[in-house]
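Task: produce atomic coordinates for the following.
(one chain, ligands or ions: 1)
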Amino acid sequence: MSERAGQWFTLRWRDDTVELLDQRRLPGEEHYLELTTVEDLAQAIECLAIRGAPAIGCAAAMGVALGAVRSAASDVGALIEELEAQVFPRLERTRPTAVNLFWALDRMRELIGRLTAAPGSDLDSLRRALVEEAQRILEQDRENCRALGRAGASLVPDGACILTHCNAGALATGGYGTALGVVRAAVEAGRSVSVLADETRPLLQGARLTAWELQRDSIPVTVCTDGMAGYLMQRGEVDLVVVGADRIAANGDVANKIGTYGVAVLAREHGIPFYVAAPRSTIDLALPGGEAIPIEERGREEIARIGEHVILPDGVGVRQPAFDVTPARFVTAIVTERGVIRSPFEEALRGLF
Ligand code: MRU
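Numbers count the residues shown, from 1 in each chain. As a prediction, the model looks like this:
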């Protein structure tokens, strides 16, 4: 499916198919993929056709639904066996850092457990329930983003220039966004704000995606390269930083796109508040601190090329951690759908559940 006029969407379930906007092709093309197999969906997550922690969770839930409706299993037992042997493990292998992936898969597993424990569960109703649960996860994620946006908007003064890193917008969630949800809610509350988007090397989520979706909403946005953030802070051009998160440990340490840690340290040096906006599905109370968060390492090609253009000499290696961890001491506040919490985070984070 190719370009559509009018309103766009990140992903949706339609006619036993997962439709998603192929983010690799933005901003040049609005092209939607129509996925009918778990393998295709898993590859779409791996290659970042869909990305951003909450959106990955929504996509994974739809992957389980896809596995269920497209399966040839003839009874409930056989379907569950197939989901456990093939579908869940394949989806779990896609991306390790975003905890929303595992959160969503756990939620689908719990539903299967609940339904099959009840007497008289049949194949059709199990399939239907899995599709409905995946759609509910998407819908709730959108609602959570709106709620956390409203809570976070109170942190944004009129006239503020907000620096953000990567894309934590509608494209990274079921819709509306986390960091960009805060921006959108501030605009809806009547504040005049502008966004400074780090381009976010190597895959340019800030330049390609944050700029694209804010421009679509007529929210003023300017892009700078990652290395410019410190200089612009020093010149007094940044009032606050808001970023998303891929996983928040129990002590408030935050994993997010590589480069976030540097932004946080710079913000501290310049006395600029550094906020993290994320739904509770991004909080992982099972991990005591950030050092336990698995950090995805990606391939050389993403650094060695820009588009078709080779920028590294043959034979030169790269380092490619896709995320870093910002220690909680650099985080001014964490915004969730339950409101704004401040340091010390440990108790406040537990209190959210
Ligand atoms: O590699 P990506 O593009 O999936 O990384 C995304 C980020 O780091 C986002 O900031 C994070 O997932 C929060 S999205 C609301």
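
For the rest of this, base every contact and every neighbour count on C-alpha atoms.
Will do.

which SS state does Gly28 fall under?
coil (DSSP: H, G, I helix; E, B strand; the rest coil).

Check the gap between it and the ligand for me.
Gly28 is 17 Å from the ligand, where distance means C-alpha to the nearest ligand atom, to the nearest Å.

Quick one: the strands in the stretch 201-350 of the chain, in order.
Along the stretch 201-350 of the chain, counting by DSSP state E, counting those that start in this stretch, strands occupy 221-224, 240-243, 247-249, 254-257, 274-277, 283-284, 305-306, 309-310, 323-326, 333-336, 339-342.

Which positions within stretch 219-233 qualify as buried?
Going by neighbour count (16 or more other C-alpha atoms under 10 Å), the buried part of stretch 219-233 is Ile219, Val221, Thr222, Val223, Cys224, Asp226, Ala229, Gly230, Met233.

For these, give me CSV that also has distance to Ile295 and pLDDT.
Shown next, in CSV, are these (distance: C-alpha to C-alpha, whole Å; pLDDT from 0 to 100):
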residue, distance to Ile295, pLDDT
Ile219, 32, 98
Val221, 29, 98
Thr222, 29, 98
Val223, 26, 98
Cys224, 25, 98
Asp226, 20, 98
Ala229, 24, 98
Gly230, 25, 98
Met233, 28, 98
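
Reformat those as CSV; add distance to the ligand.
As requested, these are arranged in CSV below (distance: C-alpha to the nearest ligand atom, whole Å):
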residue, distance to the ligand
Ile219, 18
Val221, 17
Thr222, 18
Val223, 16
Cys224, 17
Asp226, 14
Ala229, 16
Gly230, 19
Met233, 20
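
For those, which two are the farthest from each other?
Ile219 and Gly230 (23.1 Å; C-alpha to C-alpha).

Val195 against Pro220, yeah?
Yes - in this structure Val195 lies within contact range of Pro220 using C-alpha atoms under 8 Å: 6.2 Å.

CA atoms only for the helix or strand containing Phe88 - export them in CSV, please.
If you go by DSSP states H and E, Phe88 is part of helix 88-92. Extracted in CSV, the C-alpha atoms of helix 88-92 (Å, rounded to 0.1, in the frame of the first residue of the first chain):
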residue,chain,number,x,y,z
PHE,A,88,6.4,-15.6,21.5
PRO,A,89,10.1,-16.6,21.2
ARG,A,90,10.4,-15.0,17.7
LEU,A,91,8.9,-11.7,19.0
GLU,A,92,11.0,-11.8,22.2
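
Show me what the following helix or strand past it is packed up against.
Next in sequence after helix 88-92, counting helices and strands by DSSP H and E, comes helix 99-117. Other elements packing on helix 99-117 under the criterion 3 or more C-alpha pairs under 8 Å, 6 or more residues apart in numbering; DSSP states H and E are helix 53-69, helix 88-92, helix 123-153.
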